[in-house]
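Undergrad: following is a predicted model, sequence given first.
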Amino acid sequence: MQLLLILRTMILLGTRSLWTFSMSGCGVHYMAFLQKLILSFKNLYLPNGIMNKTMVNSLMIQADLEVTNKNLKPTMRMARVFQACYKSLNPDGRLVLVFAHKHPDAWETLVSALIRAGFVVDGSWPIQTEMGNRTRALSSAALASSVWLVCKKRPENARPGWDNLVLEEMQKNIIQSLRNFWDAGIRGPDFVWAATGPALEAYSKHPIVRKANEPGKTMSVTEFLRHVRRMVADFVVGRVLTQNGGTDTVSGLDDVTTYYLLHRYNFGMESAPIGPCILYAVSCNLSDGLLLSKYDLLVRTGGQSKDADEDVVEEGEDAIVDEGVEELEGTSSTVKLKAWSQRKYVGLEMAGMSTPLIDKVHRLMHLWRAGDVIKVDEYLDMHALGYNTLFGQLLQALIELAAAGSEERARLENISNHVADRSGIQSNRLSWID
């Protein structure tokens, strides 16, 4: 169906000024066939205007043979297709791509191939192309929007760029787009990839981008997209911390806490497909493996709660929902955040490791639950949290994200009020001394 759509598009256009096709779900055979198709476009039709089926079949056979060449990497296969487009386009022609893939590696392959072929991204738009109630969307975090990239030929005399200048230009280009996408209601993985198009304009205009402070080295597509994703993550977290207003990005927040807020805002405490979680982890310079093991932030779902018999409430006793019941490790491709009460050893000082801010909050919640206000105050003072602006914003954001009436929300409100009271007392003491 996808190939037929492409063929019909080319029949309607019949010119060398525009190539447009969807790159979603492209396999190696598809890419090989597409390359042959573009290069042989002028021979696809008989004099009477009927499609030359013999030619199409021949191209498919050639594609089959090329796929067996295992020496060609995916980037090279895609680059060959784009090079064929480049050669067939007029100097002022345009290449339009429709791409909707949620894995970071796929985007890196696409961008590398575009730049290798000599294209520069000239414009981009996220367009909602998928129905939210389709079968695949109901059971996964498949993207609801496709990113449409409009590319033009890069001038042959284009000069190499410098990473510091390219990143500065990228930030200027992307910030207004992020505001527009957010106001339009784009969220989740769609928001991350929607921002990729505007960012690419600064990077793709150069054949290579050199590092200003590292002579002889270049900034790879992977490095550039890492900067883009982190800026998007900081933007989203900034909106979460300020309840959708007040600032565009947040700086100074550690990677683990940034990931926690991204995940909590988009998926809550429910199970989520691993794909988007990997995207968020990569955006925060982390990996899903680290979040599952070292940081004890995620747990694979699909298991059953252990010690379930211990949670039965005896008749006449007050019903208490124990958020601390551990779950057996699941084997499915979904994960979820661990509840604060399940993270019993977080926030403790460990040699060679800085403690994430979210871990400090959870440690305080455990101390408060134990009724040890003295230890709460000692922990606040030891980490200088009383006057930490980010700590106060994080507490308020977590309160808003927590379910009304839950123990989590109650503990967070207790701590927030306690910190505010202590700050007021300490301020008064300082004024008395003055």
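TA: Great, that's in hand. None of the values given here were measured: they were computed from a predicted structure.

Undergrad: in the stretch 301-434 of the chain, which segments are predicted with low confidence?
TA: By pLDDT under 70, the low-scoring segments of the stretch 301-434 of the chain are 302-332, 349-352, 424-434.

Undergrad: and the helices in it?
TA: 357-369, 373-382, 389-401, 407-433 (DSSP state H, counting those that start in this stretch).

Undergrad: could those go into CSV alongside distance to I278 and mean neighbour count?
TA: Quick note: C-beta positions are derived from backbone N, CA and C, even for glycine. Below are the helices of the stretch 301-434 of the chain laid out as CSV (distance: least, C-beta to C-beta, whole Å; neighbours: other C-beta atoms under 10 Å):
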stretch, distance to I278, mean neighbour count
helix 357-369, 19, 22
helix 373-382, 33, 14
helix 389-401, 22, 18
helix 407-433, 26, 14
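
Undergrad: out of those helices, which gets nearest to S146?
TA: Counting by C-beta to C-beta, S146 lies closest to helix 389-401 out of the helices of the stretch 301-434 of the chain; the figure is 29.4 Å.

Undergrad: ok so, going back, for R210, find the nearest of the helices of the stretch 301-434 of the chain.
TA: Across the helices of the stretch 301-434 of the chain, closest to R210 is helix 389-401 (C-beta to C-beta), at 34.6 Å.

Undergrad: how much does the closest one deviate in direction from helix 373-382?
TA: 130 degrees (axes from the mean of the first three to the mean of the last three C-alpha atoms, to 10 degrees).

Undergrad: report the contact partners of the nearest residue to G188 once chain neighbours are set aside.
TA: Using C-beta to C-beta, 6 or more residues apart in numbering and skipping the chain neighbours, the partner closest in space to G188 is N266 (4.9 Å). Residues near N266 by C-beta atoms under 8 Å, 6 or more residues apart in numbering: 187-188, 272, 276, 280.

Undergrad: so I415 sits against G392, correct?
TA: No - using C-beta atoms under 8 Å, I415 is not in contact with G392; the gap is 10.5 Å.

Undergrad: domains for the protein, by residue range?
TA: 254-306+327-338, 355-434 (automatic domain parsing).

Undergrad: any chance of these in a markdown table, plus distance to S124?
TA: Output for the domains of the chain, formatted as a markdown table (distance: least, C-beta to C-beta, whole Å):
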| stretch | distance to S124 |
| --- | --- |
| domain 254-306+327-338 | 18 |
| domain 355-434 | 30 |
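
Undergrad: this structure: strands as residue ranges?
TA: 18-22, 94-99, 119-128, 145-153, 161-162, 209-210, 272-273, 298-300, 334-337 (DSSP state E).

Undergrad: any idea how far D92 is from the residue nearest to G188?
TA: N266 sits 41 Å away from D92, going by C-beta to C-beta, to the nearest Å.

Undergrad: again, but for R264
TA: Separation of R264 from D92 (C-beta to C-beta): 47 Å.

Undergrad: more neighbours: the two, which one.
TA: Remark: of R264 and D92, R264 carries more neighbours, 17 against 8, as counted by other C-beta atoms under 10 Å.

Undergrad: which non-adjacent residue is nearest L241?
TA: Q393 (4.2 Å).

Undergrad: correct me, but that neighbour touches V240?
TA: No - counting by C-beta under 8 Å, Q393 stays clear of V240, with 9.1 Å between them.

Undergrad: one step back: can you list the helices of the stretch 301-434 of the chain in TSV and add distance to Q83?
TA: Shown next, in TSV, are these (distance: least, C-beta to C-beta, whole Å):
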stretch	distance to Q83
helix 357-369	47
helix 373-382	60
helix 389-401	48
helix 407-433	55
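
Undergrad: out of those, nearest to V209?
TA: The closest of the helices of the stretch 301-434 of the chain to V209 is helix 389-401. By C-beta to C-beta, the value is 32.0 Å.

Undergrad: for the closest one, packing partners?
TA: Applying 3 or more C-beta pairs under 8 Å, 6 or more residues apart in numbering; DSSP states H and E, one finds that helix 389-401 contacts helix 221-241, helix 255-267, helix 357-369, helix 407-433.

Undergrad: any chance of the ones you listed in a markdown table, with distance to F181 too?
TA: Converted to a markdown table, those look like this (distance: least, C-beta to C-beta, whole Å):
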| stretch | distance to F181 |
| --- | --- |
| helix 221-241 | 9 |
| helix 255-267 | 15 |
| helix 357-369 | 26 |
| helix 407-433 | 30 |
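
Undergrad: where does the stretch 101-250 of the chain dip in pLDDT?
TA: Checking the stretch 101-250 of the chain against pLDDT under 70 turns up 101-102, 128-145, 244-250.

Undergrad: roughly how far does I278 sit from D288?
TA: On the measure of C-beta to C-beta, I278 and D288 end up 5 Å apart.

Undergrad: enumerate every residue touching A158.
TA: With C-beta under 8 Å, 6+ apart, A158 has these contacts: 120, 205-207.

Undergrad: try it again at 7 Å.
TA: A158 makes contact with 205-207 under the criterion C-beta atoms under 7 Å, 6 or more residues apart in numbering.

Undergrad: looking at those, which is nearest K375?
TA: H206 (55.3 Å).

Undergrad: what are the phi and psi angles of the closest one?
TA: Dihedral angles of H206 (phi, psi; degrees, to the nearest 10) stand at phi -110, psi 140.

Undergrad: just to check, it is in contact with P160?
TA: Yes - look at H206 against P160 with C-beta atoms under 7 Å: they come within range, at 5.7 Å.

Undergrad: out of the two, which sits in the busier spot?
TA: H206 (20 against 10).
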